[in-house]
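Student: Pasting the sequence and the predicted model now:
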Amino acid sequence: MKGSEHLILSAAEKLQRKILGLLGRSLLFAVTSVAALSVLAILFFIARDAWPFFRDKGVAAFFFSTAWYPAHQPPEFGAAAIFVGSLLVTLTAVALAVPPGVLAAICMSDILPFSVRQVLKPVVEMLAAIPSVVYGFFALTVLAPFLQDSGKWLPGGFEISSGVNALNASVILGVMALPTIVSVSEDALQAAGRELREGSYALGATRAETLVKVVLPAAVSGVFSAVLLGIMRAMGETMVVWMASGNAAQIPKPWYNLLQPVRTLTATIAGDMGEADQMTGSAHYHVLFAMGLSLLVISFLCNLAGEWIVTRQRKRLRGG
């Protein structure tokens, strides 16, 4: 009887609990909304400064022209070659980083002993702590001369005129994306659970069959998220591509020739922002915001595509 008295609340106590619950939910909602509001604010301010360029110069001149001459009179701001350079460097970096990254995650998750994994994973993650300018110096002082000296072994159609080119930047970006891909993929594989593996072994499956047909399909959404984060890491990097890509606003000939210098969106924004006339709001100033807006839109579309693929894969695995 004495204990049951505590279960009976007065009207004032009920009102107090209701108010505290409402305040708690409101606080959590406000904290959760900060990230979304910040992204919307960034998108708004970048779009506001990009709009004058699209209004005055047009969309076609920006996306379909390769003439990038901001210092000429009149200036030309065709960014097609810069978009191609960004796409070429990003896709090559991802192609170089994803296979070894996923294989390394599988190795640490299911093949190496636990003691070795505990040492190896922090070492891999330390690569993410290295400043990007250090990677840039490595690209300039080590990789660029190596590529330059290797040109004599290539056929005539692929001469290396400069060691700072698309391949140089792609290799370094691939190394920079590796820690993210390895760490997130390994966590996703570990989350698949020991019971799933033991059930597969109990049914007579080998380790290879368990990894390929059971564990990987169960962790495919996490692995794909790791790949997507690696793409975002490579696409958003500035310092390395500024130092290692050659900064030539041109489409390689042929377009897949990684041994020619290229220019990326992030390097153009970083390199030209100090030269743009911010006080008068010149077209050069506004075109850099147009590039930033394009990067945001591309990232947004990649995330949407990733969410759609992951959702569809989960439905397929559940037989829905």
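Tutor: Received the coordinates, thanks.

Student: how about low-confidence regions in the stretch 201-320 of the chain?
Tutor: Scanning the stretch 201-320 of the chain for pLDDT under 70 picks out the ranges 276-281, 317-320.

Student: Which stretches in it count as helices?
Tutor: Secondary structure of the stretch 201-320 of the chain, counting by DSSP state H, counting those that start in this stretch: helices at 207-210, 216-218, 220-236, 239-244, 265-272, 283-317.

Student: how far does stretch 252-265 stretch from start to finish?
Tutor: The first and final residues of stretch 252-265 sit 16 Å from each other (Cα to Cα, to the nearest Å).

Student: residues making contact with it?
Tutor: By Cβ atoms under 8 Å, 6 or more residues apart in numbering, the surrounding residues in contact with stretch 252-265 are 68, 79, 81-86, 88-89, 92, 147, 151, 154, 158-162, 164-167, 169-170, 241, 245-250, 291-292, 294-295. Quick note: C-beta positions are derived from backbone N, CA and C, even for glycine.

Student: returning to what we had before: for the helices of the stretch 201-320 of the chain, which one sits closest to residue 122?
Tutor: Closest of the helices of the stretch 201-320 of the chain to residue 122 is helix 220-236, at 17.4 Å (criterion: Cβ to Cβ).

Student: and the angle from the closest one to helix 283-317?
Tutor: If you take axes from the mean of the first three to the mean of the last three Cα atoms, to 10 degrees, helix 220-236 sits at 170 degrees to helix 283-317.

Student: Give me whichever of the helices of the stretch 201-320 of the chain is most buried.
Tutor: helix 239-244 (a mean of 26; mean count of other Cβ atoms under 10 Å).

Student: neighbours around the spatially closest residue to residue 286 that is not a sequence neighbour, how many?
Tutor: The shortest distance from residue 286 to any non-neighbouring residue, by Cβ to Cβ, 6 or more residues apart in numbering, is to residue 53 (3.8 Å). Other residues near residue 53 number 25, with proximity taken as other Cβ atoms under 10 Å.

Student: Outside of stretch 9-20 itself, list whatever touches it.
Tutor: Contacts of stretch 9-20 (Cβ under 8 Å, 6+ apart): none.

Student: quick one: it to chain centroid distance?
Tutor: The chain centroid and the centroid of stretch 9-20 are separated by 48 Å under Cα atoms, centre = their mean, to the nearest Å.

Student: mean confidence for that stretch?
Tutor: For stretch 9-20, mean pLDDT rounds to 84.

Student: Spatially nearest residue to residue 207, not counting backbone neighbours?
Tutor: Closest residue to residue 207 apart from its sequence neighbours, by Cβ to Cβ, 6+ apart: residue 110 at 7.2 Å.

Student: in the protein, which residue is closest to the centre?
Tutor: Most central in the chain under Cα atoms, centre = their mean is residue 232, positioned 1.0 Å from the mean C-alpha point.

Student: looking at this, residue 37 is in a helix?
Tutor: Yes: with DSSP: H, G, I helix; E, B strand; the rest coil as the criterion, residue 37 is part of a helix.

Student: How many neighbouring residues does it have?
Tutor: Using other Cβ under 10 Å: residue 37 sits among 11 other residues.

Student: so what's it up against?
Tutor: By Cβ under 8 Å, 6+ apart, no residues touch residue 37.

Student: do the same with residue 287
Tutor: If a contact means Cβ under 8 Å, 6+ apart, then residue 287 has 53, 57, 62, 70, 77, 79 as its contacts.
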